[in-house]
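Colleague: Quick one, fold the following:
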Amino acid sequence: DHPRDKATFRLAAKVPDGWSVIANGREEPSTQDAGWTTFHWVEGTPLATYLATVGIDKWTFERSTYNGIPLVSAYAPGAEDKKSLEARLPEILDFLSSKFGPYPQDAAGGIYLNENIGFSLETQTRPTYARWTDLETVVHENAHQWFGDEVSVNSWADICLNECFASYSQWLWTEAKNHQNLDQRYRDAINRTRTQDKFWNRKLYDMGAGNEFTAVYDKGILALHALRRQIGEDAFARVLKEWPVAHKQGNASWQQFEDFVQKIAGQDLKAFFEAWFHQAKIPEDQYLYPGSLRG
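Modeller: Predicted coordinates:
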């Protein structure tokens, strides 16, 4: 049960009639026997075990296709009102594909709970959503299909490779769909947090056990926008598309990512990465305001 131990999965789950089963991957024909139904799901793309899921409920299913692959979504009783949100999934996957390259999984969809659990999760091919899920959450969890699922962390110290990118995808979405000025959004965030030591004294790499899922959701967004302005649009676009291909269906570390970016950008970025990802304080102004963020 470690992210480096990726494997394919096959699931068979037998439930009483009236109940149904949703899981990762592709659905195979179910079988029936004296008031019981056995559901079969196969995930043929290797996945980290924490990305495997099985949901048993009285689901409402919606089945279609996306670019030739099965798109299956399931709604718990009381969550059927999320159908209009999930109807935008093809649009979301098209957008993310334009940024990150072709959709890397062989199935898609979503699992919508009617429970206000404290998180949604990028379960491979079919994210699991809490009751409070909104559009940007769906963007975030599907961005993980590239960053976190296709390329998984080598260790939990590398979690920014998952969460920083999925979180920044929400900014990319608002930039494209709502024409939001991300430079201004960034500057506003810096101005708002500049004196907040609690915001800045969290590392984005090797943050220590228990601190993994903190700064990656907010400070991590700012770090990636600063990186985008540091290396320029062309290099940043290459990073987003080439990183998932370079480590297809595998694992990668943060150090590998730093080396990868420096090679594409043709820049020595050691000091930049140190300022943003390794140290626990606000970066110096030269790294805080690179490129078009200056002035």
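
Colleague: isn't there a helix covering Phe61?
Modeller: No. Phe61 is assigned strand when assessed by DSSP: H, G, I helix; E, B strand; the rest coil, not a helix.

Colleague: Is it in contact with Ser20, as I believe?
Modeller: Yes. Taking C-beta atoms under 8 Å as the definition, Phe61 is a contact partner of Ser20 at 7.2 Å. Yep, even glycine has a C-beta here, placed from its N, CA and C like the rest.

Colleague: out of these two, which sits in the more crowded spot?
Modeller: Legend: neighbour count by other C-beta atoms under 10 Å for Phe61 and Ser20, higher for Ser20 (18 against 12).

Colleague: distance of the more buried one from Ala237?
Modeller: From Ser20 across to Ala237, the span is 41 Å (C-beta to C-beta, to the nearest Å).

Colleague: hang on, the earlier thing: any common contacting residues for Phe61 and Ser20?
Modeller: The contact sets of Phe61 and Ser20 overlap at Ala74 (C-beta atoms under 8 Å, 6 or more residues apart in numbering).

Colleague: now stretch 63-75, how far from the centre of its chain.
Modeller: Here stretch 63-75 is found 19 Å from its chain centre; the criterion is C-alpha atoms, centre = their mean, to the nearest Å.

Colleague: just checking, next helix/strand downstream of the biggest helix by length in the chain?
Modeller: Ranked by residue count, the top helix of the chain under DSSP state H comes out as helix 160-178. Per DSSP states H and E, the first helix or strand lying C-terminal to helix 160-178 is helix 182-193.

Colleague: What's the mean pLDDT across the longest helix of the chain?
Modeller: Here helix 160-178 scores 98 as its mean pLDDT.

Colleague: Over to stretch 66-76?
Modeller: For stretch 66-76, the mean pLDDT works out to 98.

Colleague: Other residues contacting that stretch?
Modeller: Here stretch 66-76 makes contact (C-beta under 8 Å, 6+ apart) with 20, 22, 26-27, 55, 57-65, 82-83, 86, 89-90, 93, 103, 105-115, 126.

Colleague: same deal with stretch 125-136?
Modeller: 22-25, 43, 45, 53, 55, 72-73, 79, 82, 85, 88, 105-121, 137-138, 141-142, 144-145, 170, 173-174.

Colleague: And the spatially most central residue of the chain, how far from His40?
Modeller: Computing the C-alpha centroid of the chain and ranking residues by C-alpha atoms, centre = their mean puts His144 first, at 2.2 Å. Going from His144 to His40 by C-beta to C-beta gives 25 Å.

Colleague: same question, Ala265
Modeller: Counting by C-beta to C-beta - Ala265 and His40 are separated by 46 Å.

Colleague: Counting neighbours, go ahead and name the busier of those two.
Modeller: Using other C-beta under 10 Å, the more surrounded residue of Ala265 and His40 is Ala265, with 19 against 16.

Colleague: and the more buried one, backbone torsions?
Modeller: Here is the backbone geometry of Ala265 (degrees, to the nearest 10): phi -80, psi -20.
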